[in-house]
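J.: No sequence on hand, only this structure:
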Ligand SMILES: [Zn+2]
């Protein structure tokens, strides 16, 4: 295995040098080729070192690396220790590698009541989990709501698509009833066609409503629009949920989902037709519609403050001017911890998810820090916490980056890289939206990796991993992962592995380390990311989002 790797990278190096000497007179849109010192550093990336990190981080002794738990803290200490061994500078609080992330766990209590009161007739009490789920984002032990309900269609304000569901309506102090997803479209220029944009995610809808001073949001659940059944909403909204501690951002007293039938009944009682209301929301002419009903709710929550750390190491750049800018690498170290009430094996080891990404991040940190030549821009290595709680560690990192967001040229994220052998494909979904894509394409070609497009852009996977937290503050960011096709196997084999992992091991105690795991592919992804990072560190310009992209505005704001 090792031998083939060396041969192929020797030929890669020769090819690169040859291309260097045959540079065209005009500046190409791709980054300058990395130096031979950079290639030499890249070649030291070793699958067996990644294995060693994965084996340790997913050991039973680490108790599933739960956020705010002992095992998670040990993982953070382990990563910080490796950073120190490599000679990285601390990038956390007070000269340490640790960036403290304050969080709270919120559990809705049984005393909570939630009812819809029509302007005439008796209020209808809703049954928690069957009819609705709701969390009090204001993090208060008790909140009361008694406010009129306004239907706002998709609840989207997207000037770049000339779309405004709110029009001039004042929704301050109101309860907003809205649809999930976004207006359906086949036109790539309108809400990215079939692909889901951030406007379609429920997180956006809550944020936009809160920004406008609304008290609560009732999202209408409909299986085909949400792309998951009510059971998924129900299961992921029962029990404790974690949030970043309040930081002044406006929040909702009730961030809620209601069953389609509940919304249907509400519309009928107002003499309206929900189907018709949903069709009307697909038009630009749509206007918010006040309903003759109120939401009357009393929310009681258990509030549990806790904290955990992001682990940050810095490699100062070698260029006196460019070192004030940086390339960032990220990988979450947290997983699901232990379920003490579960019989049998109850440790969620998270070997694939995401000890593999941490192993890659650590090997990248080692290779960069031991390179004989320094990259021109600085490099940030950040292993983040609380990804499984809703990207909270990376959200905090995005809001408190070690370099100003406008000076971070690129974030490459690693999450869940299957140790299945030598990949012939790479997934970089989102990269095509950045000005870095030509470099990504050229580098993939050098590695003889075919770029595999996102198979389900309508599912919005781009918004469910840590790179998204950095994209939102404007940093061009995407995840690097293997595709489906591996050397010596056909595509069907790869699909079968993927399916088996998703069905049997994803977020299960059986996501464990096995000695027969083959980390060749993880090393290839690390080498690929190493070269991308090196090139991003030496380009004359910072990377940006393509014109008209939904994150372009945040980027421009950050660079002022
Ligand atoms: Zn993960």
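T.: Arrived safely, thanks for sending. Keep in mind that this is a model prediction, so the values were computed, not measured.
J.: Could you report the neighbour count for residue 284?
T.: If you count neighbours by other CB atoms under 10 Å, residue 284 ends up with 10. Any C-beta I mention is one placed from the backbone N, CA and C, and that applies to glycine too.
J.: How far away from the center of its chain is stretch 326-334?
T.: 11 Å (CA atoms, centre = their mean, to the nearest Å).
J.: hmm, that stretch touching the ion?
T.: No. Residues of stretch 326-334 are not located near the ion by CB under 5 Å from the ion, the shortest gap being 5.7 Å.
J.: How about the residues of this structure by the ion?
T.: Along the chain, the residues adjacent to the ion under the rule CB under 5 Å from the ion are 353-354, 415-416.
J.: Could you provide those residues in CSV, with additional columns for secondary structure?
T.: Below are those laid out as CSV (DSSP: H, G, I helix; E, B strand; the rest coil):
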residue, secondary structure
353, helix
354, helix
415, coil
416, coil
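J.: ok, of these, which come out buried?
T.: 353-354, 415-416 (16 or more other CB atoms under 10 Å).
J.: biggest separation within these, which pair?
T.: Within those, two members stand farthest from each other by CB to CB: 353 and 415, at 7.2 Å.
J.: Any regions of the stretch 101-250 of the chain where pLDDT drops low?
T.: For the stretch 101-250 of the chain, residues meeting the criterion pLDDT under 70 lie at 225-227.
J.: Let me see the ranges of the helices in it.
T.: Counting by DSSP state H, counting those that start in this stretch, the stretch 101-250 of the chain has helices at residues 202-211, 223-226, 230-236.
J.: what's the most buried one of those helices?
T.: For these, the largest average neighbour count (mean count of other CB atoms under 10 Å) is found in helix 202-211, namely a mean of 20.
J.: Give me the residues contacting that helix.
T.: 137, 152, 154-157, 171, 176, 178, 180, 198, 217, 219, 249-252, 255, 257, 463 (CB atoms under 8 Å, 6 or more residues apart in numbering).
J.: Which ChimeraX command selects the buried ones in the residues you listed?
T.: Under the burial definition 16+ other CB under 10 Å, those of the contacts of helix 202-211 that qualify are selected in ChimeraX by:
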select :137,152,154,155,156,157,171,176,178,180,198,217,219,251,252,255,257,463
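J.: Now for the closest residue to the ion within the stretch 451-560 of the chain: which residues touch it?
T.: Closest to the ion within the stretch 451-560 of the chain is residue 465: 7.1 Å, counting by CB to the ion. By CB under 8 Å, 6+ apart, the residues touching residue 465 are 387, 391, 413, 415, 479.
J.: Need the pLDDT of the last one.
T.: This points to residue 479. Per-residue pLDDT puts residue 479 at 97.
J.: which residues does it bridge with?
T.: Using DSSP bridges, the bridge partners assigned to residue 479 are residue 413.
J.: ok, back up a step: let's have the helices of the stretch 101-250 of the chain in TSV, adding distance to residue 309.
T.: Formatted as TSV, the helices of the stretch 101-250 of the chain follow (distance: least, CB to CB, whole Å):
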stretch	distance to residue 309
helix 202-211	24
helix 223-226	34
helix 230-236	25
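J.: Mind checking which of the contacts of helix 202-211 are in strands?
T.: If you go by DSSP state E, the contacts of helix 202-211 have 157, 176, 178, 217, 219, 255, 257 in strands.
J.: Pick out the most distant pair among these.
T.: Farthest-apart pair in the ones in strands among the contacts of helix 202-211 is 157 and 257; separation 20.9 Å (CB to CB).
J.: Wasn't residue 309 part of a strand?
T.: Yes. Assessed by three-state DSSP, residue 309 belongs to a strand.
J.: give me every residue that touches it.
T.: Contacts for residue 309 (CB under 8 Å, 6+ apart) come out as 73, 76, 92, 98-101, 385.
J.: so where's this structure uncertain?
T.: Along the chain, segments meeting pLDDT under 70 span 1-29, 225-227, 560.
J.: Torsion angles phi and psi at the residue positioned nearest the centre of it?
T.: In the chain, the C-alpha nearest the mean C-alpha coordinate belongs to residue 465, at 2.1 Å (CA atoms, centre = their mean). Backbone geometry at residue 465, expressed as degrees, to the nearest 10, gives phi -130, psi 160.
J.: Is residue 488 in a helix, a strand, or coil?
T.: Using three-state DSSP, the structure places residue 488 in coil.
J.: If we ignore the residues flanking it in sequence, what's nearest it?
T.: Excluding the flanking residues, the one nearest residue 488 by CB to CB, 6 or more residues apart in numbering is residue 421, at 7.1 Å.
J.: Now do the same contact list for the residue of the stretch 1-150 of the chain found nearest the ion.
T.: Going by CB to the ion, the ion is nearest to residue 65 of the stretch 1-150 of the chain, at 11.0 Å. Shown in contact with residue 65 (CB under 8 Å, 6+ apart): 57, 71-72, 74-75, 333-335, 337, 350.
J.: Recalculate using a threshold of 10 Å.
T.: Counting by CB atoms under 10 Å, 6 or more residues apart in numbering, residue 65 makes contact with 57-58, 71-76, 78, 332-338, 347-350, 354-355, 358, 385, 388.
J.: One more: residue 430?
T.: 413, 437, 454, 461-463, 465, 467-468, 471, 476-479, 545, 549, 551.
J.: And residue 386, by the same measure?
T.: Residues in contact with residue 386 (CB under 10 Å, 6+ apart) are 66-68, 72, 101, 103, 242-244, 306-310, 332-334, 392-396, 466.
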